[in-house]
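Participant: sequence first, then the predicted structure, then my questions.
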Amino acid sequence: MSGGGTQNSLRKALGAIKDTTTVSLAKVNSDYKELDIAIVKATNHYERPAREKNIRAIFAAISATRPRADVAYCIHALARRLSRTHNWAVALKTLIVIHRALREVDPTFHEELINYGRSRNHMLNMSHFKDDSSPNAWDYSAWVRTYALFLEERLECFRVLKYDIEMDRPRTKDLDTAELLEQLPALQQLLFRVLGCLPQGAAVHNFVIRLALSMVASESIKIYQAISDGTVNLVDKFFEMQRPDALKALDIYRRSGQQAERLSEFYEVCKSLDVGRGERFIKIEQVRILHLWCLLKLICLSLNSSHMSS
């Protein structure tokens, strides 16, 4: 066996020992021992998806029926797990737990997570995270950082929209101009983070990363639909806008066309990786994009016309 392989095996063994030790300490010292044990087991060093029963135990602890102190403790425990680890598997599986909670638990969890971030450094700030145990771990670490950025933006989008884009029906079709100009940039920034989630290098072949990517890809469908509905709604209101708002709307139109093209490419890569199998990825019609760009040119020409309010 090579020296690198021996070192990697040793790190895995040490990680397993560390998990076992943490579980043993939780059984003795913790007031929330069942929850602490579930968190350690759901985010252990093993490079495979967490067991569903451990994730469900965590979700039970953060439901709307539980005392807020219990929810706050769970968030703190997850944040502590993220901040202390230098192992990509632990970090990634912790982020997956948080992502699934945002998708599957009631919105009170979102609010508690936002409140936690206000009182401390944001727990999803993983910009300095790295696992340098192997060349593959470098690639995995890069994707962990990208995934954390997506989740951070997802939470910010919830704060702006006041609802979860995955759990609820998109509402951009019915918004007024002021609401559209606030919410569409937030949705476009979230889609920007989606587009950055394509794995590189060894991360392309990692099963746990593909699992997380499949959730990101599935959410992009509703995000894009919300942007499309809102953009059409904004076009209808364009000639009623004051000039500053019209300029903001033009930037939204421009970015919408650019992101549609990139999203089409994103879906092609996902399909080639067999990510999101069973998902019906929407077709981004290039003809519609071209029509939108033509519309933009006409609008630009009319910016200084008598149709625009001064």
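Facilitator: Done, it's in.

Participant: next up, the contacts around residue 129.
Facilitator: 86, 91, 141, 144-145, 148 (C-beta atoms under 8 Å, 6 or more residues apart in numbering). (C-beta placed from N, C-alpha, C; glycine too.)

Participant: pull out the buried members of the residues you listed.
Facilitator: 91, 141, 144, 148 (16 or more other C-beta atoms under 10 Å).

Participant: ok, the residues you listed vs residue 201, which is closest?
Facilitator: Checking those against residue 201 with C-beta to C-beta, the nearest one is residue 141 at 10.7 Å.

Participant: that closest one: which element?
Facilitator: Using DSSP states H and E, residue 141 sits in helix 135-161.

Participant: for that helix, packing partners?
Facilitator: helix 88-104, helix 108-119, helix 177-195, helix 207-237 (3 or more C-beta pairs under 8 Å, 6 or more residues apart in numbering; DSSP states H and E).

Participant: return the most buried member of the ones you listed.
Facilitator: helix 88-104 (a mean of 22; mean count of other C-beta atoms under 10 Å).

Participant: re earlier: need the buried ones among the contacts of residue 129 in JSON lines (columns: pLDDT and distance to residue 34).
Facilitator: Below are these laid out as JSON lines (pLDDT from 0 to 100; distance: C-beta to C-beta, whole Å):
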{"residue": "91", "pLDDT": "97", "distance to residue 34": "23"}
{"residue": "141", "pLDDT": "97", "distance to residue 34": "31"}
{"residue": "144", "pLDDT": "98", "distance to residue 34": "27"}
{"residue": "148", "pLDDT": "97", "distance to residue 34": "27"}
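
Participant: low-confidence stretches in the stretch 101-250 of the chain?
Facilitator: 121 (pLDDT under 70).

Participant: switch to 80 and redo it
Facilitator: Counting by pLDDT under 80, the ranges of the stretch 101-250 of the chain that qualify are 119-122.

Participant: out of the helices and strands packed on helix 135-161, nearest to residue 65?
Facilitator: Comparing these under C-beta to C-beta, the one sitting nearest is helix 108-119, at 9.8 Å.

Participant: alpha carbons of that closest one, as CSV, please.
Facilitator: Extracted in CSV, the C-alpha atoms of helix 108-119 (Å, rounded to 0.1, in the frame of the first residue of the first chain):
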residue,chain,number,x,y,z
THR,A,108,-39.8,28.5,12.0
PHE,A,109,-36.4,26.8,11.5
HIS,A,110,-35.5,29.4,8.9
GLU,A,111,-36.3,32.2,11.3
GLU,A,112,-34.3,30.6,14.1
LEU,A,113,-31.3,30.1,11.8
ILE,A,114,-31.5,33.8,10.7
ASN,A,115,-31.7,34.9,14.3
TYR,A,116,-28.7,32.8,15.2
GLY,A,117,-26.7,34.4,12.4
ARG,A,118,-27.6,37.9,13.7
SER,A,119,-26.3,37.2,17.2
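
Participant: any chance of the buried ones among the contacts of residue 129 in CSV, plus distance to residue 114?
Facilitator: CSV is the format used below for the buried ones among the contacts of residue 129 (distance: C-beta to C-beta, whole Å):
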residue, distance to residue 114
91, 21
141, 26
144, 22
148, 16
